[in-house]
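K.L.:
Predicted model follows, preceded by the sequence.
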Amino acid sequence: MPWKECRPMDERLKFIARLLEGEKMAPLCREFGISRVTGYKIYERYKDCGLDGLNDRSRRPYRQAGRLPYQIERCILGIKREHSSWGAPKIRDKLVREFALVKPPAVSTVHAVLDRHGLVTRKKRRRYKAQGTPLGSASEVNALWCADYKGEFRLGNRQYCYPLTITDYRSRYLLSCEGISSTKADFAFAVFERTFKEFGLPTAIRTDNGTPFASANALFGLSKLSVWWLRLGIRVERIKPGCPQQNGRHERMHLTLKKEATKPAAFNFLQQQERFDTFKEVYNNERPHQALGGAYPGDLYTPSARVYAPPDEPDYPFHDRTVRVTRCGRICIGKRKINLSTVFAGQILGLREVEDQIWLVSFLNYDLGFFDNKENRVEPATNPFTPEKV
């Protein structure tokens, strides 16, 4: 095994001691497993520095290629302390004028220096907090649908089942009850698309603030699913967090579903779905509903006159230009990339200059926010997703 230069000091000390006793360099290097070049290097260090030369040396380079010279960093801090309101661009310009630097530091480098010394005030971004929306009361079928996941449960094969249910608010009609393996948006898209194709489109859909109906980190709590609903002309209603009673009719149906179709659970998804389909038929067409005066939900419900079809691309005649959001959720204008949200990926937005170098970003009839010629992100406007009462 080779003896490296980074061995502890006592190994080097033994090597030098035996060398001073008169042993030859070549056989001694073979015994210690090092090259003669390394042996002579250790010996020269000993002759130059004595025993201190046998200590481990720092591997830190004498000069770091991208590091700002100390003198310039000190000038940056001095200018900042003298002019506390100046930012990185102004400080850089001052350096160039006063010192005529051949290669002045970049603005980002100046900003990093200020940030490292705690001289940058970070602007807090407004984080969306779910508060719900005003809720309408529907007097006609298909004016409002309610959707939610009944609490997950384990099947006989130990897999988790997440039943996604959709009901009509007015008639209590159970439109869909699908047992799926996850609350991911892709599964929900498929269930809602099948339901829309079979029963048409509602005027509004009421949900809670959980995944995939809403997103805590996206603009106004929107999700890809709710953006799709808006594209289809469906209003979005959300109950207030911690208030399931605001979706009480739907929750009452879940209680009946739990008693009659999940206890005990079936062995696998196919068997469980068969139970859900049976429950759906009985609930809609055989079970009298007390709140409906003993009528069946199927007696009142009729499919919507609004037939499902993929929506047309939106038009923005009163905006300066349109732009399609990238897959990573950005608005690209020339070389600029302005951060928006991935929930709008692939959607066409309208841009309009409302003030000098300030642009308004709109989606359909909703104003999302603003951006300027400096900040590469959209600052949210007032939450526009407040539905009118039905």
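P.N.:
On my side now, so go ahead. The structure presented is a predicted model; accordingly, all values stated were derived computationally and were not measured. Numbers count the residues shown, from 1 in each chain.
K.L.:
Pull up the distance across stretch 319-333, start to finish.
P.N.:
Terminal residues of stretch 319-333 are spaced 15 Å apart (Cα to Cα, to the nearest Å).
K.L.:
list the buried ones in that stretch?
P.N.:
His319, Val323, Val325, Gly329, Arg330, Ile331 (16 or more other Cβ atoms under 10 Å). (Each C-beta comes from the backbone N, C-alpha and C, glycine too.)
K.L.:
I'd like the average pLDDT over that stretch.
P.N.:
Across stretch 319-333, pLDDT averages out at 93.
K.L.:
Could I get the buried residues of stretch 319-333 in TSV, plus columns for secondary structure and distance to Ala106?
P.N.:
Below are the buried residues of stretch 319-333 laid out as TSV (DSSP: H, G, I helix; E, B strand; the rest coil; distance: Cβ to Cβ, whole Å):
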residue	secondary structure	distance to Ala106
His319	coil	35
Val323	strand	29
Val325	coil	29
Gly329	coil	27
Arg330	strand	23
Ile331	strand	25
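K.L.:
Between the residues you listed, which sits nearest Pro303?
P.N.:
Distance to Pro303 across the buried residues of stretch 319-333 (Cβ to Cβ) is lowest for Val325, with 33.3 Å.
K.L.:
didn't that closest one look like it was pressed against Asn339?
P.N.:
No. The criterion here is Cβ atoms under 8 Å, and Val325 misses it with Asn339 at 10.4 Å.
K.L.:
re the thing from before, okay if I get the buried residues of stretch 319-333 as a markdown table plus distance to His250?
P.N.:
Output for those, formatted as a markdown table (distance: Cβ to Cβ, whole Å):
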| residue | distance to His250 |
| --- | --- |
| His319 | 38 |
| Val323 | 38 |
| Val325 | 32 |
| Gly329 | 31 |
| Arg330 | 37 |
| Ile331 | 37 |
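K.L.:
which two in those residues are spaced the farthest apart?
P.N.:
Largest separation among the buried residues of stretch 319-333 by Cβ to Cβ: His319 and Gly329, giving 19.8 Å.
K.L.:
quick revisit: go through the buried residues of stretch 319-333 and name the one nearest Gly242.
P.N.:
Closest to Gly242, out of all of the buried residues of stretch 319-333 and judged by Cβ to Cβ, is Gly329, at 29.3 Å.
K.L.:
how about the nearest residue to that closest one, chain neighbours excluded?
P.N.:
Nearest non-adjacent residue to Gly329, counting by Cβ to Cβ, 6 or more residues apart in numbering: Thr342, 3.6 Å away.
K.L.:
and what of Ile338?
P.N.:
Leaving out its chain neighbours, the residue that sits closest to Ile338 by Cβ to Cβ, 6+ apart is Ile331, at 4.3 Å.
K.L.:
Pull up the gap between the one you found and Asn268, please.
P.N.:
Distance, Ile331 to Asn268, using Cβ to Cβ, to the nearest Å: 46 Å.
K.L.:
Thr302 too?
P.N.:
The value you get for Thr302 to Asn268, if Cβ to Cβ is used, is 35 Å.
K.L.:
so where's the longest helix in this structure?
P.N.:
Taking DSSP state H as the criterion, the chain has its longest helix at helix 269-285.
K.L.:
and that helix, how far out from the chain's middle?
P.N.:
Distance, stretch centre to chain centre, for helix 269-285: 36 Å (Cα atoms, centre = their mean, to the nearest Å).
K.L.:
Next up, the contacts around Gly350.
P.N.:
Pro314, Tyr316, Phe318, His319, Arg321, Thr322, Val361, Ser362, Phe363 (Cβ atoms under 8 Å, 6 or more residues apart in numbering).
K.L.:
where does it land on pLDDT?
P.N.:
Looking at Gly350, its pLDDT stands at 95.
K.L.:
Helices of the stretch 1-150 of the chain, start to end?
P.N.:
Assigned by DSSP state H, counting those that start in this stretch, the stretch 1-150 of the chain shows helices spanning 9-20, 25-32, 36-49, 70-82, 88-99, 107-116.
K.L.:
Take these and lay them out in JSON lines including mean pLDDT.
P.N.:
As requested, those are exported to JSON lines (pLDDT from 0 to 100):
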{"stretch": "helix 9-20", "mean pLDDT": "83"}
{"stretch": "helix 25-32", "mean pLDDT": "89"}
{"stretch": "helix 36-49", "mean pLDDT": "86"}
{"stretch": "helix 70-82", "mean pLDDT": "87"}
{"stretch": "helix 88-99", "mean pLDDT": "85"}
{"stretch": "helix 107-116", "mean pLDDT": "82"}
